[in-house]
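Enquirer: Provided below for reference: sequence and predicted model.
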Amino acid sequence: MMTMRAARRLRILVWAVLAPLALGACGTPRVLQINPVASVPADIAGTVEMFVATTREASSEPVYFNGERGPRLAFARLDFTVPRAHKTGELELPDSGPSDPAKHFAVTNVQRLDLAPIVADVRREILKRPASQRDVLVFVHGFNTNFADAAYRFAQIIHDSGFKGVPVLFTWPSRGQLLAYPYDRESAYYSRDFLELNLRAIARDLGTTRMDILAHSMGTLLTLESLRQASIRGDGTFGGKLRDVILAAPDVDLDVFRTQMREIKRPVTVFVSADDRALDFSRRFAGDKTRLGAVSAKDTEIIAELEKLGARIIDLSEVASGDPLNHSKFASSPKVVQMIGQRLQADGGIATAGPQLGDRRGDSAGGVVGTVGATVGLVVTAPVTIISGGR
């Protein structure tokens, strides 16, 4: 048995690791409280409609889906308004109580749906768009994220990126608690088959032209595991519909990522940042093993190996954002979130590599290192570094 002194030392160690993250944690879990105040058109910059597939357990309003594991996929539709005063990269929400549509992102509708109705609704949304916009973007959130937080964040990403297709949030049973890291990780594994099933349904049944995936943090582990098993089953492209796979701040062990990519056998784009404080916590919690999202352009040997496996690395280490943990730069940096939208609209997608993305110069990793600039018509002028084996 652990002695009292050893237990105390363990508590001190855990707190030392978690304290930096706890400072940025929200005290009261957010919920999707439908706004009782009618919005004034002059106060609204836009609206966002998204569809939801989830492995969370159903709950009463205003939680709707909690952090426990549901026995099967559940579905919903959410509608949001975006305030006129919104600033790109920010997620304006009240500290407590209902949102003010003039100041905050506000939810105007939450509708839980069965499988047949949501398939019909998504198909209708896709087919009423021009052929160039019949895309589905699937967002898979990360650790320590409850249902409401995932939905609000995706609404902000959709609005700020200018995505014109149909957004689908895949939300898995994170408890939204800092100390629930082991539970969240097991929940990510629990959701692998469900995500693969959902991706196959999107590709097969909805009339979409193509499908892109944007995954964040621990959600990248779930995504990679689903793609790995889909590839092993013999159709890792989902009938040729899967295009871009974007991994933002991936909380994935480098050794694990290598084994996953050997089976996935397709390009993926990875946003990394050496100053990611959340991944520093994850590294210490996971046996001091480097996380994929914490590598940088300086790790030339690692970059060279990842290139050979199909990873395109975008280093955000020098990008400033409003995120104190530097873990959500992909969404909180105005330039990066707009870059995602620009590249999703391009024929080649965000994984397009080589001199199109910036000024070319050789590096010791054998790839291309450049600063993304206005030369390619992107909105990015911040010091974002592209490291890629593309030519």
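Expert: Great, that's in hand. Here the structure is a predicted model, which means the values were calculated and not measured.

Enquirer: Confirm D235 sits in a helix?
Expert: No. D235: not assigned to a helix; according to DSSP: H, G, I helix; E, B strand; the rest coil it is coil.

Enquirer: Distance check, it against L242.
Expert: Applying C-beta to C-beta, to the nearest Å, the value for D235 to L242 is 10 Å. Bear in mind the C-beta positions are built from the backbone N, C-alpha and C, glycine included.

Enquirer: Also F154?
Expert: Distance, F154 to L242, by C-beta to C-beta: 19 Å.

Enquirer: neighbour count winner among those two?
Expert: F154 (28 against 21; other C-beta atoms under 10 Å).

Enquirer: The more buried one: what's it in contact with?
Expert: By C-beta atoms under 8 Å, 6 or more residues apart in numbering, the contact set of F154 is 50, 139, 141, 167, 169.

Enquirer: Now do the buried residues in the strand or helix carrying it.
Expert: In this structure, F154 is located in helix 147-161 according to DSSP states H and E. Across helix 147-161, burial judged by 16 or more other C-beta atoms under 10 Å covers 147-161.

Enquirer: Provide the contact partners of the helix or strand following it at residue level.
Expert: Going down the chain from helix 147-161, the next helix or strand is strand 166-171, by DSSP H and E. Strand 166-171 has contacts (C-beta under 8 Å, 6+ apart) with 48-56, 65, 78, 122, 125-126, 129, 135-141, 145, 147, 150-151, 154, 158, 191, 195, 198, 202, 208.

Enquirer: try 6 Å this time
Expert: Here strand 166-171 makes contact (C-beta atoms under 6 Å, 6 or more residues apart in numbering) with 50-54, 125-126, 136-140, 147, 150, 154, 158, 195.

Enquirer: Stretch 104-123 now?
Expert: Outside stretch 104-123, the residues that reach it (C-beta under 6 Å, 6+ apart) are 32, 34-35, 51, 64, 75-81, 83, 92-94, 99, 152, 155, 205-207.

Enquirer: Repeat that for stretch 208-219.
Expert: Residues contacting stretch 208-219 (C-beta under 6 Å, 6+ apart): 126, 134-143, 188, 202-203, 223, 241-249, 251, 344.

Enquirer: Of the residues you listed, which belong to helices?
Expert: 126, 188, 202-203, 223, 344 (DSSP state H).

Enquirer: Compute the number of surrounding residues for Y64.
Expert: Count around Y64 with other C-beta under 10 Å applied: 21.

Enquirer: list the contacts for it?
Expert: Y64 neighbours (C-beta under 6 Å, 6+ apart): 32, 110.

Enquirer: let's go with 7 Å and repeat that
Expert: 32, 76, 110, 147 (C-beta atoms under 7 Å, 6 or more residues apart in numbering).

Enquirer: Of these - the most surrounded one?
Expert: F147 (28 neighbours).

Enquirer: Excluding chain neighbours, what is closest to that one?
Expert: F65 (4.5 Å; C-beta to C-beta, 6 or more residues apart in numbering).

Enquirer: Show me what that neighbour is bridged to.
Expert: Residues in a beta bridge with F65, per DSSP bridges, are A58.

Enquirer: Quick check: it vs D193, distance?
Expert: F65 sits 18 Å away from D193, taking C-beta to C-beta as the criterion.

Enquirer: Who has more neighbours out of these two?
Expert: F65 (24 against 14).

Enquirer: So for that one, what's the pLDDT?
Expert: The model reports F65 with a pLDDT of 98.

Enquirer: can you pull the contacts of it?
Expert: 54, 56-59, 74, 147, 171.

Enquirer: Counting neighbours, which of these comes out on top?
Expert: Using other C-beta under 10 Å as the neighbour criterion, F147 leads these with 28 neighbours.

Enquirer: measure that residue to H141 for me?
Expert: Taking C-beta to C-beta, one finds F147 at 9 Å from H141.

Enquirer: And the strands in the stretch 1-150 of the chain?
Expert: Ranges of strands within the stretch 1-150 of the chain are 44-58, 65-83, 106-113, 135-140, based on DSSP state E, counting those that start in this stretch.

Enquirer: hmm, who's touching the shortest one?
Expert: Applying C-beta under 7 Å, 6+ apart, the contact partners of strand 135-140 are 154, 157, 163, 165-170, 199, 202, 206, 208-215, 219, 222-223, 344.

Enquirer: Show me where the stretch 251-391 of the chain has its helices.
Expert: For the stretch 251-391 of the chain, applying DSSP state H, counting those that start in this stretch gives helices covering 254-264, 277-285, 300-309, 329-332, 334-345.

Enquirer: The first one - contacts with which helices or strands?
Expert: The one in question is helix 254-264. helix 218-233, helix 300-309 (3 or more C-beta pairs under 7 Å, 6 or more residues apart in numbering; DSSP states H and E).
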